[in-house]
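Visitor: got a predicted model here, sequence first, then my questions.
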Amino acid sequence: MKTRISLYPYVWRLPLLIWQGLFFVGPLVLMVAMSFWLVKNYRMEPDFILKNWDKMLSRGYFWDAYWITLWRASLAAVLASLIAFPASYTLAFRVSETTRRWAIFFLIVPFFTSYLVRAYAWQVLLAESGPINAILGFVGLGPLTMLNTGIGAMVGYMTLVLPLVVILQTFSLAAIDRNLIEAAWNLGARPRATLFRVIIPSARVGLIIGAVFAFILSYGDFVSPFYLGGSKPPTMSILIIDTTKSGQQWPRAAVVAIMMIVTLFTVAFAAVGAAYGRRK
């Protein structure tokens, strides 16, 4: 008896495959190929040379930008996760479902406006003559230089990722089986033990995914390090812009972009393994 192969599941998957091919795989392949091209008289010519890779990977400014970007993105992921957790815990366990829905709605509202507009607003707030420094000066703690520094860039990162991290953590915490928490209480577990031995392990996937999203968005962000961080020292996204402006070196900019993508894939796969891997 012949086995009939149904094409129905593949038909529904076809739009996703076409989308990924046109907007991710295709541009990625082109960018990899471009990294081996040659620039002559400000024009790119197809070739296969390793000069672009050698030029970028052997320069100290490239690795300075790489490590500062990795450090800032990691710090943003940690800070966003720690700052978001008390709010997420409150929304998941301490308020009614109606209040939680309204809170999620208001967390989504910032995404209705342009991220660039919000970054410009922070330029006014973080300026030495801005309202934040005015308050700090009134209590004797200022003025502080926050704009065009790493602090300004980190504030921009939090503006970008914090609402999303709160939402992801809230959904993960709200999905925890309450019977597990009640069982821990009945067995005499204190609140701190219940938090670290029941709640956080049960919400591990959502907590890690939220941190990964914060890392990815911060790692590739251009607005915050440029407009709030002063672009000094440059991050990888700023280095791409500087490279393209220097003699139309798009192949060398492609090298920077590929290194960013490789790093993001490495972090993402490691995080997914930690999230969905077996617990000891």
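Guide: Great, that's in hand. Just so it is clear, the model here is predicted, and its values are computed rather than measured. Numbers count the residues shown, from 1 in each chain.

Visitor: over to Gly230. Which of the three states is it?
Guide: Judged by DSSP: H, G, I helix; E, B strand; the rest coil, the three-state class of Gly230 is coil.

Visitor: read off the pLDDT value for it.
Guide: On the pLDDT scale, Gly230 is placed at 87.

Visitor: and it, how close does it get to Gly150?
Guide: 9 Å (CB to CB, to the nearest Å). Every residue, glycine included, has its C-beta placed from N, CA and C.

Visitor: show me where this structure has its strands.
Guide: Counting by DSSP state E, the chain has strands at residues 38-40, 43-45.

Visitor: so what are the sheet partners of the first one and their directions?
Guide: In its sheet, strand 38-40 lies beside strand 43-45 (antiparallel), with partners assigned from DSSP bridges.

Visitor: now the partner strand, how far from the centre of its chain.
Guide: Relative to its parent chain, strand 43-45 has a centroid offset of 33 Å by CA atoms, centre = their mean, to the nearest Å.

Visitor: and the helices in the stretch 51-200 of the chain?
Guide: Secondary structure of the stretch 51-200 of the chain, counting by DSSP state H, counting those that start in this stretch: helices at 51-57, 60-93, 97-108, 115-126, 131-138, 150-174, 178-186, 191-194, 200-202.

Visitor: tell me the pLDDT of Leu91.
Guide: Leu91 is assigned a predicted lDDT (pLDDT) of 94.

Visitor: surely it touches Leu168?
Guide: No: contact between Leu91 and Leu168 fails when scored by CB atoms under 8 Å: they sit 11.8 Å apart.

Visitor: buried stuff in the lowest-mean-pLDDT helix or strand in the chain?
Guide: Ranked by mean pLDDT, DSSP states H and E, the weakest helix or strand in the chain is helix 8-20, scoring a mean of 80. Neighbour counts over helix 8-20 (16 or more other CB atoms under 10 Å) mark no residue as buried.

Visitor: please report how far the closest residue to Ala65 other than its chain neighbours lies from Gly26.
Guide: Leaving aside its chain neighbours, Ala65 sits nearest to Leu239 (4.6 Å; criterion: CB to CB, 6 or more residues apart in numbering). Distance from Leu239 to Gly26, counting by CB to CB: 24 Å.

Visitor: neighbour count winner among the two?
Guide: Ranked by neighbour count (other CB atoms under 10 Å), Leu239 and Gly26 place Leu239 first, with 25 against 11.
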